[in-house]
Structures are given as C-alpha cells and as structure tokens.
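A.B. asks: A structural model of the following input is requested.
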Amino acid sequence: MIYGWHDTYSQYRNGLLDEDFFRQMRTGAMQALSNPASRAVWEFYRVPGTQFAPFMDGLAASLSAAEPSNR
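C.D. replies: Just a heads-up that it's a prediction; the model follows:
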C-alpha cells in the first residue's frame with residue numbers, strides 16, 4: 001500500500017499523473033492513516049530524507065490536528 005502511494009506521488013511530481021488521480025490517492029491515504037494500525041505501518045516503513053516522507057507526515061499530522069481531544 002505504501003509503495004503504491006509512493007509510486008503515485010512520484011509519478012505525480014514528475015508530471016505523469018493528473019491532479020484527479022493524485023487527489024484520489026491522497027484521500028485514500030488519509031483514510032488509511034486515520035487508522036492507528038496504518039499509522040504504525042507508515043512509521044515502520046518511513047524512509048527519512050525522501051520527499052515522500054514529509055508528504056505522508058503532513059497527511060498524518062493534518063489528521064492528528066483534526067481529531068478531537070479526549071483529555
């Protein structure tokens with residue numbers, strides 16, 4: 001799943017995919033990252049120093065900021 005997202009991200013950045021396809025991938029990634037298990041998988045496979053890592057981290061952070069606090 002993560003490798004597919006990375007491939008889509010790379011193709012989009014290189015002008016090989018249109019905005020609609022990229023938006024669909026981003027939405028699917030955000031839905032998956034809303035699950036704590038998927039976030040743990042992302043943290044396991046995360047490769048620092050790539051352009052993809054901050055993109056995915058940003059998606060995860062936007063979800064964290066949007067979640068209501070239980071405290």
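
A.B. asks: Show me where the chain has its helices.
C.D. replies: 2-13, 19-33, 36-45, 52-66 (DSSP state H).

A.B. asks: Throw those into a markdown table and include mean neighbour count, thanks.
C.D. replies: For every residue, glycine as well, the C-beta is placed using N, CA and C. A markdown table is the format used below for these (neighbours: other CB atoms under 10 Å):
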| stretch | mean neighbour count |
| --- | --- |
| helix 2-13 | 15 |
| helix 19-33 | 14 |
| helix 36-45 | 12 |
| helix 52-66 | 14 |
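
A.B. asks: Compare these and say which comes out lowest on pLDDT.
C.D. replies: The stretch with the lowest mean pLDDT among the helices of the chain is helix 52-66, at a mean of 89.

A.B. asks: Test my guess that His6 contacts Phe52.
C.D. replies: Yes. With contact defined as CB atoms under 8 Å, His6 reaches Phe52; the gap is 5.0 Å.

A.B. asks: ok, now which ones touch the residue nearest to Ala29 when sequence neighbours are not counted?
C.D. replies: Closest residue in space to Ala29, ignoring its immediate chain neighbours: Trp5 at 5.2 Å, by CB to CB, 6 or more residues apart in numbering. Trp5 sits next to Met25, Gly28, Ala29, Phe52, Met56 when contact means CB atoms under 8 Å, 6 or more residues apart in numbering.

A.B. asks: so how far is stretch 32-40 from its chain's centroid?
C.D. replies: 10 Å (CA atoms, centre = their mean, to the nearest Å).

A.B. asks: can you give me the end-to-end distance of it?
C.D. replies: 11 Å (CA to CA, to the nearest Å).
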